[in-house]
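**Q** Pasted the sequence and its predicted model underneath.
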Amino acid sequence: MSASSQSQLGVSPLLPDRSNAVYEGLRRAIIEQALLPGDKLPEDAIGEQFGVSRTLVRSSLTRLASEGLVEQRRNKGASVASPSLSSARDIFDVRRKLEELVVQLLAGRLNRDDAKRLREHVEQERSAHAQDGPESIRLAGEFHILLAEMTGNALLARYIGEVTSRCSLILALYGRPHSSECAVSEHAQLIDALEAGRSEDACRIMAHHIGAVQERAQIDSAPRDEQRLRTILSYYAQSVSGRQQP
């Protein structure tokens, strides 16, 4: 539907962008582990920080819930999802198989432009590792999503995006401190193997990489007060607003 058609129907063409801004802001806050599993997500506080109605907030929360990042309970509101250990193991099992399929599809078929794009992304990861911990978490996940998108299989890319996001949430709940330098190094090795068509090496690197991520799991959670929540929401609302079209 065009902007003019939306106006004739009395629908603001800005609503999708505003709703998406809330979705992107909350998703980034969860992926970057600024918002932790169990944190409450009150609609009024979110709407206030993003400058949108509770209806748009509710729509964004429902979208995040469909991806497993948010839990919505009747009469209790929404909160960042807290996956169980059993669920966490299931998600990693699924991710391992999906990532293996991505590698098998790309080995020997990665063109120069895609390889260059991946290496540029790895350089972003290295810079983030040195300057901004939360951003490095997000970029690490986006590397895997980028790989999946390069297979040309939209459904596979969608599934990889979802399990990658859920794994970030799991690490926020159970993960122990670690250095991201090893992950960045393995990403670089993976690109080399894929471009050279070394399928077995690529599968081995990916399996070791995902296994290392899973091995970091342990219980580690902390509550957040409402003022802390508002500060986090304010930061991410400004962050995504800066990327919106005027």
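**A** That came in fine, so what should we check first?
**Q** This protein: strands as residue ranges?
**A** For the chain, the strands defined by DSSP state E occupy 70-73, 77-80.
**Q** Format those strands as a markdown table; extra columns: mean pLDDT, distance to residue 149 and mean neighbour count.
**A** No exception for glycine: its C-beta is placed from N, CA and C like everyone else's. Listed next are these as a markdown table, based on pLDDT from 0 to 100; distance: least, Cβ to Cβ, whole Å; neighbours: other Cβ atoms under 10 Å:
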| stretch | mean pLDDT | distance to residue 149 | mean neighbour count |
| --- | --- | --- | --- |
| strand 70-73 | 93 | 24 | 16 |
| strand 77-80 | 94 | 26 | 20 |
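**Q** you'd agree residue 58 is up against residue 44?
**A** No. Residue 58 is beyond contact range of residue 44, at 11.1 Å (criterion: Cβ atoms under 8 Å).
**Q** Those two - which one has more neighbours?
**A** residue 58 (17 against 10; other Cβ atoms under 10 Å).
**Q** which one is that one nearest to, not counting chain neighbours?
**A** Excluding the flanking residues, the one nearest residue 58 by Cβ to Cβ, 6 or more residues apart in numbering is residue 43, at 6.1 Å.
**Q** Give me the residue at the spatial middle of this structure.
**A** With distances taken as Cα atoms, centre = their mean, residue 165 lies nearest the centre of the chain, 3.9 Å away.
**Q** Could you pull up the residues touching it?
**A** Counting by Cβ atoms under 8 Å, 6 or more residues apart in numbering, residue 165 touches 27, 30-31, 67-69, 141.
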